[in-house]
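> Kindly return the folded structure for what I paste below:
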Amino acid sequence: MMIKPINFYVIVEPESDDKDFEKSGLAVPKDYKKESCFGEVVAVHKNASELKVKNKILFNKFKATSFKIKDKEYFYLDEEDVVGVF
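Model (predicted):
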């Protein structure tokens, strides 16, 4: 990833299929899936407290902003908007 986040931002590649998260034992209600998103962290700011590249996370998609690089979709969001880490 060529972007280096600053100011406590995280760059996330959204998961196209959340079945891996269900296999991990996490039960997520269907209604919640509409408002939340699963993804893999591809870049974090240098002072990240708990997040690391390749962490799988759950985040609220309405607090994230999408962008594309070479036709691939990513999100950026504030570290404190991450709901959980797998």
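
> where does the closest residue to V41 other than its chain neighbours land on pLDDT?
Excluding its sequence neighbours, the residue lying closest to V41 (CB to CB, 6 or more residues apart in numbering) is N55, at 4.6 Å. Glycine gets a C-beta too; all of them are placed from N, C-alpha and C. pLDDT for N55: 95.

> Who are the contact partners of N55?
Each residue near N55 by CB atoms under 8 Å, 6 or more residues apart in numbering is listed here: E40, V41, V85, F86.

> Kindly reformat those as a markdown table containing pLDDT, secondary structure and neighbour count.
Compiled in a markdown table, the contacts of N55 are given as follows (pLDDT from 0 to 100; DSSP: H, G, I helix; E, B strand; the rest coil; neighbours: other CB atoms under 10 Å):
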| residue | pLDDT | secondary structure | neighbour count |
| --- | --- | --- | --- |
| E40 | 95 | strand | 14 |
| V41 | 96 | strand | 23 |
| V85 | 93 | strand | 12 |
| F86 | 88 | coil | 13 |
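
> For D78, state which of these is nearest.
D78 lies nearest to V41 out of the contacts of N55, by CB to CB, at 13.1 Å.

> Nearest residue to H45 in space, please, no chain neighbours.
Nearest residue to H45, sequence neighbours excluded (CB to CB, 6+ apart): P5, at 4.6 Å.

> Can you tell me the SS state at the one you found?
coil (DSSP: H, G, I helix; E, B strand; the rest coil).
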